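In: pasting the sequence and the predicted coordinates here, then a few questions.
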Amino acid sequence: MEFPQDLRYSSEHTWARREGDRVTVGITDFAQEELGEVLFLELPQVGRSITAGESFGVVESVKAVSDLFAPVSGTVAEVNAQLDDAPELVNREPYEEGWMIVIETSNPDDWQALLVADDYQATIT
C-alpha cells in the first residue's frame, strides 16, 4: 500500500490534495483494498455544501456499502464523472484517476486537522 507524502488523510480513510482553496478528495489505498472491487459510487452534485466529517456520498463494492466522509468543509466544485462508467479507477488509481470530488474550501483550519501520511499509516497498522 502506498500513502503519498504530499497528501493529507482523514481517520475515515479519505485523502486530500490541496491546491490553493481547492481540495481534491478520494479514498485511500487502504480503503479501496478493504472494500474490494468498487462497483458503484453515489457522489454529490456540484454546488452542494458539505461539512468536514459528514457523509458526502456512498461507495458500493463487492464486500460492502460504505459512506464517504468529507475531510474538509466547503462547496463541491467538481465531481469525477469518469467514475460513472469506470468505478474501478478507484481500485486501480486511488490517488490519481480515482479521485472523487473537488471541494472549494470554506474553513482553512480543516486542513490542519488532517493527518500527514506517517500518522495516517500508524492508525491502520
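Out: In hand now; what should we look at? Numbers count the residues shown, from 1 in each chain.
In: strands along the chain, start to end?
Out: Remark: strands assigned in the chain by DSSP state E are 8-9, 14-19, 22-27, 38-42, 49-50, 55-61, 65-69, 74-79, 101-105.
In: OK, contacts around the residue nearest the centre of the chain?
Out: Residue closest to the average C-alpha location in the chain (C-alpha atoms, centre = their mean): G26, at 2.4 Å. When contacts are counted by C-beta atoms under 8 Å, 6 or more residues apart in numbering, G26 touches T14, W15, V90, P94, Y95, G98, W99, M100. C-beta: built from backbone N, CA, C; applies to glycine.
In: dump these into JSON lines; add neighbour count and pLDDT as well.
Out: Below are those laid out as JSON lines (neighbours: other C-beta atoms under 10 Å; pLDDT from 0 to 100):
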{"residue": "T14", "neighbour count": "23", "pLDDT": "97"}
{"residue": "W15", "neighbour count": "28", "pLDDT": "98"}
{"residue": "V90", "neighbour count": "25", "pLDDT": "97"}
{"residue": "P94", "neighbour count": "23", "pLDDT": "97"}
{"residue": "Y95", "neighbour count": "19", "pLDDT": "97"}
{"residue": "G98", "neighbour count": "23", "pLDDT": "97"}
{"residue": "W99", "neighbour count": "22", "pLDDT": "98"}
{"residue": "M100", "neighbour count": "25", "pLDDT": "98"}
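In: out of the residues you listed, who's nearest F30?
Out: P94 (9.1 Å; C-beta to C-beta).
In: thought that closest one was touching T24?
Out: No - in this structure, P94 is not within contact of T24 by C-beta atoms under 8 Å, at 11.8 Å.
In: overlap in contacts of those two?
Out: By C-beta under 8 Å, 6+ apart, no residue touches both P94 and T24.
In: on that earlier part again, which among the strands of the chain is found nearest to A117?
Out: So among these, strand 8-9 is nearest, using C-beta to C-beta, at 6.8 Å.
In: got a list of what I27 touches?
Out: H13, T14, W15, L35, V59, L68, V90, P94, G98, M100.
In: quick one, grab the pLDDT at it.
Out: pLDDT, I27: 97.
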